[in-house]
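**Q** Sequence and predicted structure, then a few things I'm wondering about:
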Amino acid sequence: MAASKAPTPRALGIDIGGTGIKGAVVDLDTGQLATERYRVPTPVPSTPQNVSKVIHEMVTRHGWSGPVGAAFPAVIRGGVARSAANVDPSWIGTDVDALFTEVTNCPVTVMNDADAAGVAEVRAGAAKDVPGVVLLLTLGTGIGSALFIDGHLVPNTELGHLELQGVDAETRAAASAREREGLSWKHWASRLQHYLKHLEHVLPPDLFVLGGGVSKTPDKWLPYLHVETPVVIASLRNNAGIVGAAMVAHDEAVAGNSAQTLRPVRNHPARAELD
Ligand code: BGC
């Protein structure tokens, strides 16, 4: 009798951004999406209650009951949000990991969104097998950063908040700044170049990986970028956050750490909304 093939490992990845929440089931053997990506606009205000409803909907819509990885746009330490630049400030101090675990009834692993995208690019994308210092930047509503040294992540680097010309760098060089200010691609690229040169000065990486929504149309702006460090576009494009979060959630499930993430949420108002 022929041995039956083990099922392909899968996890649901959800990427929570300042403007959209995207989710898909990820094939962990290939690092590709196994289902069509589902996108919902980020609710306004983006409070824990409102976002939790979308997370619940994502899981239900996919008929999912396994590990869930959530990429969240904040510093995440021990599952708890410690900042909130582009989401409602009430997230600060919220145990995001426990909240999403409770509302989905699945083992959820939460991490910073740029860190998640970086994990995907290092394991299965543009930075696969690249030694040395790799810096991935996500250019979207804000600027996220993920720093790797020989493939090892230094979490929560938040380099989008470096001060540049007296302001937070992401307010000038994120993709949202181009749209908000109606800048040409060339003008925006000159701002991005300024920011990358600053990074080269304070933290010279061996490789920049540029991701986020603008990674879908690099021909519009990449030709204007001139920096010393090699620059590549995130090969998983805007799906990197979904894929990386799913990869880490799967790792946790395999390592049996999910019991730790299944802590109950005590009296969180977002719970009551779902009952
Ligand atoms: C947040 C980061 C996040 C990035 C991209 C920044 O404003 O501080 O935590 O990774 O936006 O979403």
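**A** All right, it came through fine.
**Q** where does the protein come near the ligand, residue by residue?
**A** Residues of the chain lying close to the ligand by CB under 6 Å from any ligand atom are 73-75, 83, 85-86, 112-114, 138, 140, 142, 144, 158, 160, 170. (C-beta placed from N, C-alpha, C; glycine too.)
**Q** any idea which of those residues has the most stuff around it?
**A** Greatest neighbour count in these, by other CB atoms under 10 Å, goes to T138: 34 neighbours.
**Q** and the residue nearest to L203 when sequence neighbours are not counted, bridged to which residues?
**A** Counting by CB to CB, 6 or more residues apart in numbering, L203 lies nearest to L135, which is 7.1 Å off, once chain neighbours are set aside. Going by DSSP bridges, L135 is paired in beta bridges with L147, F208.
**Q** about what we covered before: among the residues of the chain next to the ligand, which one lies nearest to P7?
**A** Nearest to P7 among the residues of the chain next to the ligand: D113, at 28.3 Å, using CB to CB.
**Q** What count of nearby residues applies to D27?
**A** Using other CB under 10 Å: D27 sits among 17 other residues.
**Q** if I pick it, what's in contact with it?
**A** T8, P9, R10, L33, A34 (CB atoms under 8 Å, 6 or more residues apart in numbering).
**Q** Run through the residues that contact G212.
**A** L137, T138, L139, G140, G144, A175, A234, N238.
**Q** So which residue is dead centre in this structure?
**A** By CA atoms, centre = their mean, the chain has its centre lying nearest to D113, at 2.2 Å.
**Q** Pop out the phi and psi values for the nearest residue to that residue once chain neighbours are set aside.
**A** Nearest residue to D113, sequence neighbours excluded (CB to CB, 6+ apart): A71, at 3.9 Å. Per-residue torsions, A71: phi -100, psi 120 (degrees, to the nearest 10).
**Q** And the one 4 residues further on, by the same measure?
**A** V75 has phi and psi values of phi -70, psi 130 when expressed as degrees, to the nearest 10.
**Q** any idea how far N156 is from it?
**A** 5 Å (CB to CB, to the nearest Å).
**Q** Identify the contacts common to those two.
**A** What both V75 and N156 touch, as defined by CB under 8 Å, 6+ apart, is the set R82, N112.
**Q** Pass me the low-pLDDT residue ranges in the stretch 151-275 of the chain, would you?
**A** 257-275 (pLDDT under 70).
**Q** Tell me where it has helices.
**A** 169-173, 175-181, 185-202, 240-255, 258-261, 269-274 (DSSP state H, counting those that start in this stretch).
**Q** Need these in TSV (columns: distance to V227).
**A** Output for the helices of the stretch 151-275 of the chain, formatted as TSV (distance: least, CB to CB, whole Å):
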stretch	distance to V227
helix 169-173	13
helix 175-181	18
helix 185-202	5
helix 240-255	21
helix 258-261	39
helix 269-274	43
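**Q** Can you tell me which of those helices is most buried?
**A** Stretch with highest mean neighbour count among the helices of the stretch 151-275 of the chain: helix 240-255 (a mean of 26; mean count of other CB atoms under 10 Å).
**Q** With just CA atoms, put that helix into PDB.
**A** Output in PDB follows, covering the C-alpha atoms of helix 240-255 (Å, rounded to 0.1, in the frame of the first residue of the first chain):
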ATOM      1  CA  ALA A 240       4.800  39.500   3.000                       C
ATOM      2  CA  GLY A 241       3.100  40.400   6.300                       C
ATOM      3  CA  ILE A 242       0.400  37.800   5.800                       C
ATOM      4  CA  VAL A 243       2.900  35.100   4.900                       C
ATOM      5  CA  GLY A 244       5.400  35.900   7.700                       C
ATOM      6  CA  ALA A 245       2.700  36.000  10.400                       C
ATOM      7  CA  ALA A 246       1.400  32.700   9.300                       C
ATOM      8  CA  MET A 247       4.900  31.200   9.300                       C
ATOM      9  CA  VAL A 248       5.600  32.300  12.900                       C
ATOM     10  CA  ALA A 249       2.100  31.100  14.100                       C
ATOM     11  CA  HIS A 250       2.800  27.700  12.600                       C
ATOM     12  CA  ASP A 251       6.300  27.600  14.300                       C
ATOM     13  CA  GLU A 252       4.600  28.400  17.600                       C
ATOM     14  CA  ALA A 253       2.000  25.700  17.100                       C
ATOM     15  CA  VAL A 254       4.600  23.100  16.300                       C
ATOM     16  CA  ALA A 255       6.700  24.100  19.300                       C
END
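**Q** Right, I'll call it a day here.
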